[in-house]
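Undergrad: sequence first, predicted coordinates after that:
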Amino acid sequence: MTAQPLRFETIADGAGQRLDAFLAARISEASRARIRRGIDDGKAKVDGKICKASYRLHEGQSIVFLLPAPPATGPQPEPIPLSILYEDESLAIVDKPPGMVVHPAKGHWSGTLASALVHHFEQLSGHGGASRPGIVHRLDRDTSGAIIVAKTDRAHQRLAEQFKARTVRKEYLAIVSGRPDLDRDLIDYPIGNHPTHREKKALRADHASSREAQTFYEVEERLPGYALVKALPKTGRTHQIRLHLASIRCPVLCDKLYAGLSRLTVADCRTRCRRPQLAKDREADEVLLDRQALHAHRVSFAHPLSGKLIEVCAPIPNDIQQLLLILRQIDS
């Protein structure tokens, strides 16, 4: 049976509301995420025109919305290998490889971390919803490293409380293009939606979507044209480290969204560092890196049941290690 569109008319109390908030208040049987998915897929029309979730309504407008069907099941189990850094009866910490999406989303229904988790573990928390079994937090697709997985709802809830209270300590390593002026500093600037690019975020101090964001960074190693940086996010906004480092003119290397470069070749490196003989045993078109050079290196938190300090380190992946070896040749 085909779903019928829902129809609404805005009156005085709906004027000025965002479209997503208006619909969420009137469709009690659906989650905000499901409503937002329908809007993002172009299923909401105001006076006959497709509108974004942030559209502000006016009195007397007509809204037609086709509510998307709820996901039938969670992610399907897939025999994808996992590197387990820590595991007990309540949680696990996994070393996520680059290129892996954390949970199913548009365009990424298979090959996700969630599918690998369902296959590997007998029990996972359902606290985050059917599509996110055990997922307490997330990493961008091309960011590698440590990610916490909850096995029980109780553990999930207590871990989520720690993230909210900002007591989970996360340490990232990044190779950046350029070298920061300061050896260490705190970047403190709100982050909100990008005004024109749906996939990007932007530094925005005075906007409805803006939320406070702080990232402390420290230069671990300076290299001609590049630097190895340790980043400690105080908050957990989407793309926070990538955007904050780009704001000091040192974007994460090979960050397509914020650096404009999606891969680094031997020739690129030779040109940037003005060393024609750099890595002379390699072909000029050899790709040294084809994903953002960002790695969730270390995570520490209180165990959700015992309160004991848990600290786990994810080894630096091979692609970043190999690139560092080449960049260190510059001064040799």
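TA: Now that the structure is in, tell me what you want to look at. Please read all numbers here as calculations on a predicted model, not as lab measurements.

Undergrad: buried set for stretch 173-185?
TA: Using 16 or more other C-beta atoms under 10 Å as the test for burial, stretch 173-185 gives 173-180. From N, CA and C alone the C-beta is placed, and that goes for glycine too.

Undergrad: was I right to think V168 contacts F301?
TA: Yes: in terms of C-beta atoms under 8 Å, V168 counts as a neighbour of F301; the distance is 4.4 Å.

Undergrad: now list whatever residues contact both of those two.
TA: Shared contacts of V168 and F301 (C-beta atoms under 8 Å, 6 or more residues apart in numbering): 148, 159, 162.

Undergrad: any idea which helix or strand comes after the helix or strand that the second one is a member of?
TA: Using DSSP states H and E, L159 sits within helix 153-165. Next along the chain after helix 153-165, taking DSSP H and E as the criterion, comes strand 169-177.

Undergrad: quick check: angle from that following strand to helix 153-165?
TA: Going by axes from the mean of the first three to the mean of the last three C-alpha atoms, to 10 degrees, strand 169-177 is angled at 60 degrees with respect to helix 153-165.

Undergrad: for the next helix or strand after strand 169-177, output the C-alpha coordinates as CSV.
TA: Next helix or strand after strand 169-177 toward the C-terminus (DSSP H and E): strand 184-188. Extracted in CSV, the C-alpha atoms of strand 184-188 (Å, rounded to 0.1, in the frame of the first residue of the first chain):
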residue,chain,number,x,y,z
ARG,A,184,50.3,25.0,21.1
ASP,A,185,47.1,26.9,21.4
LEU,A,186,43.4,26.6,22.0
ILE,A,187,41.1,27.3,19.1
ASP,A,188,37.8,28.5,20.5
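
Undergrad: quick check: bridge partners of A146?
TA: Beta-bridge pairing of A146 under DSSP bridges involves D95.

Undergrad: which positions in stretch 297-309 come out as buried?
TA: Quick answer for stretch 297-309 (16+ other C-beta under 10 Å): 297-299, 301, 304.

Undergrad: same check, this time on stretch 245-259
TA: The neighbour-count check on stretch 245-259 (16+ other C-beta under 10 Å) flags 245-248, 250-255, 257-259 as buried.

Undergrad: between its first and last residues, how far does that stretch reach?
TA: Length of stretch 245-259, first residue to last, C-alpha to C-alpha, to the nearest Å: 10 Å.

Undergrad: for it, what is the average pLDDT?
TA: What stretch 245-259 shows for mean pLDDT is 95.
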